[in-house]
Each structure stands twice: as C-alpha cells, then as structure tokens.
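1. Give the three-dimensional model of this entry:
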Amino acid sequence: MGPGFTKVLVRYNPEGDQEMNERQTRGCAAFGVLHEHHRKFLFELLVPAEPAQLERVGAAKSGTTSSCARS
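-> As a prediction, the model looks like this:
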C-alpha cells in the first residue's frame, strides 16, 4: 500500500541549536528518495519567531505574522 503523499516536517531556528539545525538539514536528504519513487510530498517548515526576529524582517511593524511564526 503506497501513500498518496508524504508529509515532511522540518524545524529550523537560525539563531538556535546548531546541532539540531544540522540534524534537520541532513534529514532533508530524504527528499531525493521521495523523488526517485515519484512520491508527492507536503513540506512544512517551522521557524520560531521571536519579537526581535520579526522586527528585523519588518513583520512586527506591519502587524503581520504567519501561523508558522506562532508555532
């Protein structure tokens, strides 16, 4: 039984734990396997956003945040 698609969840914090970021990045190599087997995938990237990070990108000033920013 083959799934219709595979969900790929990646947690990444540029200002966080570098070992965790490297582990998540290495896990992204699995995308090649999905591609080789013609599998569709849903990619979800979770990046925590702190107020200082939002200010640097201007989101806090405009009052916009994404659902990922609140995760």
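2. which residues touch the spatially closest residue to F5 that is not a sequence neighbour?
-> Among residues not flanking F5 along the chain, K40 sits closest, at 4.2 Å (Cβ to Cβ, 6 or more residues apart in numbering). All C-beta atoms are positioned from the backbone trio N, CA, C, and that covers glycine. Listed by Cβ atoms under 8 Å, 6 or more residues apart in numbering, the contact set of K40 reads 4-6.
3. Narrow those to just the buried residues.
-> T6 (16 or more other Cβ atoms under 10 Å).
4. Please narrow the contacts of K40 to those residing in strands.
-> 5-6 (DSSP state E).
5. Next, the residue nearest to F5: phi, psi?
-> phi -80, psi 150 (degrees, to the nearest 10).
6. between the contacts of K40, which is closest to A52?
-> T6 (34.4 Å; Cβ to Cβ).
7. Give me the nearest residue to that closest one, chain neighbours excluded.
-> In space, T6 is closest to F41, 4.6 Å off (Cβ to Cβ, 6+ apart).
8. That neighbour belongs to a strand?
-> Yes. Assessed by DSSP: H, G, I helix; E, B strand; the rest coil, F41 belongs to a strand.
9. partners of the most centrally placed residue in the chain in the sheet?
-> Centroid-nearest residue in the chain, with Cα atoms, centre = their mean: L45, separated by 1.6 Å. For L45, the beta-bridge partners are V10 (DSSP bridges).
10. if I look at R26, how far off is G58?
-> Taking Cβ to Cβ, to the nearest Å as the measure, R26 falls 32 Å from G58.
11. Could you do M20 as well?
-> Taken as Cβ to Cβ, the span from M20 to G58 is 27 Å.
12. okay, the two: which has more neighbours?
-> Between M20 and G58, M20 has the larger neighbour count (other Cβ atoms under 10 Å), namely 12 against 9.
13. Chain neighbours aside, what residue packs nearest to P48?
-> Using Cβ to Cβ, 6+ apart and skipping residues adjacent in sequence, the residue nearest P48 is N13, 5.3 Å away.
14. tell me the SS of F31?
-> helix.
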